[in-house]
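> Predicted structure and sequence below. I'll ask about it afterward.
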Amino acid sequence: MKLHDLREPEGTKHRRKRRGRGIAAGQGKTGGFGTKGTGARSGHGGGKRYFEGGQLPLVRRLAVKRGFNNVNRVEYAVVNVAALNRFEAGSVVDVEALTASGLVKDTHRPIKILGEGELDRPLTVKAHAFSASAQAKIEQAGGAVEWIG
């Protein structure tokens, strides 16, 4: 097969509608644009992008979609203090230990320890961030808190 053998399949090309060329052409009189109104005028086909004829536009009806997204927001992988009880007393709990135990699934996010629950053993916890209550509970249990830069 050569380039000059290629043909477009039958029916892929449509002739342009020649509007306003008389009744015999099938698009005479109003030319398929209806009667009166903005859409019938030349050069005024679309109107404003979100204008719905005076009805409250969809964009304004959906309150959910308002507001803005902070591009600088940091999404943390969250671990509660109560979940740290699965580690043995005196052990070092770092990123590798948390991922190996299945507490953290997404390794690309920084880890934050939150203060939900109680801790009953001393642990050295290394994470990117700690809530104030989590830090207090870890230190109260006899453990230590280390911040990862």
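It's in. Residues are numbered from 1 along each chain as shown.
> Give me the distance between the residue of the chain most remote from its centre and residue 18.
Here the chain reaches farthest from its C-alpha mean at residue 24, the gap being 53.3 Å by CA atoms, centre = their mean. Residue 24 sits 11 Å away from residue 18 when distances are taken as CB to CB, to the nearest Å. Heads up, the C-betas are built off the backbone N, CA and C, glycines and all.
> where does this protein have low pLDDT?
45-46, 65 (pLDDT under 70).
> Count residues in the vicinity of residue 138, would you?
Residue 138 is flanked by 23 other residues according to other CB atoms under 10 Å.
> and it, which of the three is it?
Judged by DSSP: H, G, I helix; E, B strand; the rest coil, the three-state class of residue 138 is helix.
> where does it sit relative to residue 41, distance-wise?
Applying CB to CB, the value for residue 138 to residue 41 is 72 Å.
> Wasn't the residue farthest from the centre of the chain part of a helix?
Yes - residue state for residue 24 (three-state DSSP) corresponds to a helix.
> first vs last residue of stretch 111-119, how far apart are they?
Using CA to CA, to the nearest Å, one end of stretch 111-119 lies 18 Å from the other.
> got it, and stretch 141-149?
Counting by CA to CA, you get 24 Å between the two ends of stretch 141-149.
> What segments of the chain are helices?
58-61, 95-100, 132-140 (DSSP state H).
> list the contacts for residue 52?
Residue 52 sits next to residue 58 when contact means CB atoms under 8 Å, 6 or more residues apart in numbering.
> before we move on, what about residue 115?
Residues in contact with residue 115, defined by CB under 8 Å, 6+ apart, are 80-81, 131-134, 136-137.
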